[in-house]
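>>> Please work out how this folds:
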Amino acid sequence: MAFDLVQYFSEQIKIQKPQLFNQYSAKEKLLFIDEVNSLALGQLISLWKQDKNKLYQEIKVSDPLYIQGIARHLTTSAHNQSTLSPSELESTISEILSLQFTELNQLDQTGSFGQMGLTELLLGQVEHLSGQAEDWVWSTNQLTELIGSKPVTQQETSLEATMQEFNQMVHQAQHTEEIIIQEPTTPVWSFIIAPVVALTILLFLYCTYLQLIAV
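Got it, this is the predicted structure:
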């Protein structure tokens, strides 16, 4: 398994560029860092697949215009669904891409990766990127093999909500039982005496019939 650049870059962004997304809540800041980090790294992987020789040279020189061109391409993509404004998205992609280029160059120099080593490293990030972002990110950076990789999260039910639902169910059951108890019921003795009454009536009618015949 390749070294996890996704997490590594995320931590470096927080350390080296703490000012990014400071205007948002802590939760939103982490969300945007992960989103743009995945968007930028995914684009590097796609560009490496297209022409690794060119991208390798660009990583070595870290040309701001080249980086800005990538950022603009991602920002203006028809697939882009980021909630960030276009200007903010483009500038943050540029900053994060610059950091990624610098870190990749340092890793290459330190580990003597070369193109072959960086190929293995970058292509191995697909596994680490899986499930890290929404599908629009992968459509935007052409890393389409990751579409559908993010699991559908189910809303967690709190203990309090569960207990409220349980109490409501119990209350409804008790209310139904009270209604059944309050409803008038037929006395048991009526089921016993009813046949006797019917038999008496039949005997009376039979006796009356005999008297009529005798007359």
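>>> Can you give me the buried ones in stretch 75-91?
Applying a neighbour-count criterion of 16 or more other CB atoms under 10 Å, one finds 75, 77, 80, 82, 84, 88, 89, 90, 91 buried in stretch 75-91. Any C-beta I mention is one placed from the backbone N, CA and C, and that applies to glycine too.
>>> Residues contacting it, please?
With contact meaning CB atoms under 8 Å, 6 or more residues apart in numbering, stretch 75-91 is reached by 32, 35-36, 39, 68, 71-72, 74, 92-93, 134, 136, 139-140.
>>> could I get the buried residues of stretch 75-91 as TSV with distance to residue 145 and pLDDT?
Shown next, in TSV, are those (distance: CB to CB, whole Å; pLDDT from 0 to 100):
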residue	distance to residue 145	pLDDT
75	23	97
77	17	97
80	19	96
82	21	96
84	25	95
88	28	96
89	23	97
90	26	97
91	29	97
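>>> Tell me which of the residues you listed fall in helices.
Among the buried residues of stretch 75-91, the residues falling in helices (DSSP state H) are 75, 88, 89, 90, 91.
>>> Would you mind putting those into CSV with distance to residue 13 alongside?
Converted to CSV, those look like this (distance: CB to CB, whole Å):
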residue, distance to residue 13
75, 18
88, 15
89, 15
90, 16
91, 14
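>>> Show me which pair in the contacts of stretch 75-91 is furthest apart.
Pairwise distances among those were taken by CB to CB; the largest, 24.4 Å, belongs to 68 and 134.
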